[in-house]
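**Student:** Here you go, sequence then predicted model.
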2 protein chains.
Amino acid sequence: MKKGILLIVSGPSGVGKGTVSKALLNGSNGEMTFSVSATTRDPRPGEVHGVDYFYVSKEEFDRMIEDGEFLEYMNVFGRNYYGTPRKYVEEQISMGRDVLLDIDVNGAMNVKKNYPEAVAIMLAPPTMKELRRRLETRATETQEVIERRLAEAKSELSHMADYDFVVVNDDLELAIEQCRRIIETSKLTPGYCEDFVNTLIEEDF
Amino acid sequence: MKKGILLIVSGPSGVGKGTVSKALLNGSNGEMTFSVSATTRDPRPGEVHGVDYFYVSKEEFDRMIEDGEFLEYMNVFGRNYYGTPRKYVEEQISMGRDVLLDIDVNGAMNVKKNYPEAVAIMLAPPTMKELRRRLETRATETQEVIERRLAEAKSELSHMADYDFVVVNDDLELAIEQCRRIIETSKLTPGYCEDFVNTLIEEDF
């Protein structure tokens, strides 16, 4: 059976990362799953261990860091820890399922360092003006927050060269289609065809 | 304007390289062209300089080698020289045209060394038995030649890991489609989006 891939989708706030990610998942016929993070925060009502998060104690999280069990982790507001467990990702991938990781630039770079086969897509706005328009249309944030998000976006976008692919979210359907094709062609690399390659090379003729 | 890419298509004799290459070219709306080689052999009746080959003297060919003007070159049967001129490839690419290079494993590896942005596809048969069947059905070669081709195929296929992509030519239409998608997604890499990336990063917001 063919392995899955680890797909990283990064991009500035307002670029449409959530919409693209959901479309990829929904169109995958169950062949793709969101990565499940470990966290030290308490479960909220209705959240399920192993589905929404893996809920672990601070001690357990520290042990996991020590033992190199995270592809990346971070501390949010100096309070709660969040991390991507390598084990979950590898289990899904070995079952042939693609894992989608929606993560910021720093996280993406750490994952690539710890898991070089990961395929990292930067979702970019067509222009900064359009990104501003989207953030302002959304109208969920104050003008001050929007300005901060735009400054952050600029800093995030300056890391584009570290990504494997840049997908411009101008036409949403096209952006989704390009992500799908990136997933498809990533499975045509020799690393993902290892079994086939070995069988062919060992075959009598 | 977006640059083109240099696409290398390699694969053992009988795998269907010619058919796939022609389909890619014909379906490209003029956006793809075959690479034109330089050669020291004489033009045959009807062949046109700059279309079929660039016909050059042995002295000129030697000078081009000296000056590093080839992405790869080879000597066939110790007689005629053939080489891929970097200049032609770069001109086409800068005009936004993709260049298709149908070349053997050694040539492909030399091109990758001299032009790392090249995208190298190994076209593989689904099985060695199927490759044998195709060579035998073709019936243009003696059994002895077929056995030699199969041994060569094995040696070529053992280099699959050095390629960027492996496309299995089982269903021809699928193989062509996969090559097309590889071309498309290769243009979504940061190196090919440099102008866009720079414009975005420099834009006021």
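**Tutor:** That came through fine.
**Student:** Skipping adjacent residues, who's closest to the residue sitting furthest away from the middle of chain A in space?
**Tutor:** Centroid-distance maximum for chain A: residue A:205 at 42.8 Å, with C-alpha atoms, centre = their mean. Closest residue in space to residue A:205, ignoring its immediate chain neighbours: residue B:128 at 3.8 Å, by C-beta to C-beta, 6 or more residues apart in numbering or on different chains. Where C-beta positions appear, they are placed from N, C-alpha and C, glycine not excepted.
**Student:** Same check on residue A:163?
**Tutor:** residue A:122 (4.1 Å).
**Student:** pretty sure that neighbour is touching residue A:161, no?
**Tutor:** No. If you go by C-beta atoms under 8 Å, residue A:122 and residue A:161 don't touch, sitting 9.3 Å apart.
**Student:** neighbour-wise, which of those two wins?
**Tutor:** residue A:122 (28 against 13; other C-beta atoms under 10 Å in any protein chain shown).
**Student:** Quickly find the element holding the more buried one.
**Tutor:** Residue A:122 belongs to strand A:119-124 when assigned by DSSP states H and E.
**Student:** Count the neighbours of residue A:84 for me.
**Tutor:** Counted with other C-beta under 10 Å, residue A:84 comes out at 26.
**Student:** In contact with it, which residues?
**Tutor:** Contact analysis of residue A:84 by C-beta atoms under 8 Å, 6 or more residues apart in numbering or on different chains lists A:35, A:37-38, A:70-73, A:101, A:103, A:107, A:111.
**Student:** same thing but 6 Å
**Tutor:** If you count contacts by C-beta atoms under 6 Å, 6 or more residues apart in numbering or on different chains, residue A:84 has them with A:35, A:37, A:71-72.
**Student:** In strands only, show me those residues.
**Tutor:** A:37, A:71-72 (DSSP state E).
**Student:** Correct me if wrong: the residue nearest to residue A:205 contacts residue A:202.
**Tutor:** No. The criterion here is C-beta atoms under 6 Å, and residue B:128 misses it with residue A:202 at 9.4 Å.
**Student:** Of these two, which one has the most company?
**Tutor:** residue B:128 (21 against 9).
**Student:** Write out the residues of chain A neighbouring chain B.
**Tutor:** A:128, A:132, A:150, A:157-158, A:160-161, A:165-166, A:181-182, A:185, A:188, A:190, A:193, A:197, A:200-201, A:203, A:205 (C-beta under 6 Å from any C-beta of the partner chain).
**Student:** Only the buried subset of those, as a ChimeraX command please.
**Tutor:** Remark: buried members of the residues of chain A next to chain B, expressed as a ChimeraX selection using 16 or more other C-beta atoms under 10 Å in any protein chain shown:
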select /A:128,132,150,157,160,165,166,181,182,185,188,190,193,197,200
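**Student:** Restricted to strands, list the residues of chain A next to chain B.
**Tutor:** Those of those lying in strands (DSSP E): A:165-166.
**Student:** from the residues of chain A next to chain B, which ones fall inside helices?
**Tutor:** With helices taken from DSSP state H, the overlap with the residues of chain A next to chain B comprises A:128, A:132, A:150, A:157, A:181-182, A:185, A:197, A:200-201.
**Student:** Widest-spaced pair of those?
**Tutor:** Spatial extent of these (C-beta to C-beta) is set by the pair A:132 and A:201 at 53.9 Å.
**Student:** And the helices in chain A, which stretches?
**Tutor:** A:17-26, A:58-66, A:86-94, A:105-114, A:128-138, A:143-157, A:172-186, A:194-202.
**Student:** Quick one: those as JSON lines, columns for mean pLDDT too.
**Tutor:** Formatted as JSON lines, the helices of chain A follow (pLDDT from 0 to 100):
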{"stretch": "helix A:17-26", "mean pLDDT": "94"}
{"stretch": "helix A:58-66", "mean pLDDT": "96"}
{"stretch": "helix A:86-94", "mean pLDDT": "96"}
{"stretch": "helix A:105-114", "mean pLDDT": "94"}
{"stretch": "helix A:128-138", "mean pLDDT": "92"}
{"stretch": "helix A:143-157", "mean pLDDT": "92"}
{"stretch": "helix A:172-186", "mean pLDDT": "97"}
{"stretch": "helix A:194-202", "mean pLDDT": "87"}
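**Student:** Dump those helices into a markdown table; add distance to residue B:88 as well.
**Tutor:** Conversion of the helices of chain A to a markdown table gives the following (distance: least, C-beta to C-beta, whole Å):
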| stretch | distance to residue B:88 |
| --- | --- |
| helix A:17-26 | 39 |
| helix A:58-66 | 54 |
| helix A:86-94 | 42 |
| helix A:105-114 | 36 |
| helix A:128-138 | 38 |
| helix A:143-157 | 35 |
| helix A:172-186 | 27 |
| helix A:194-202 | 33 |
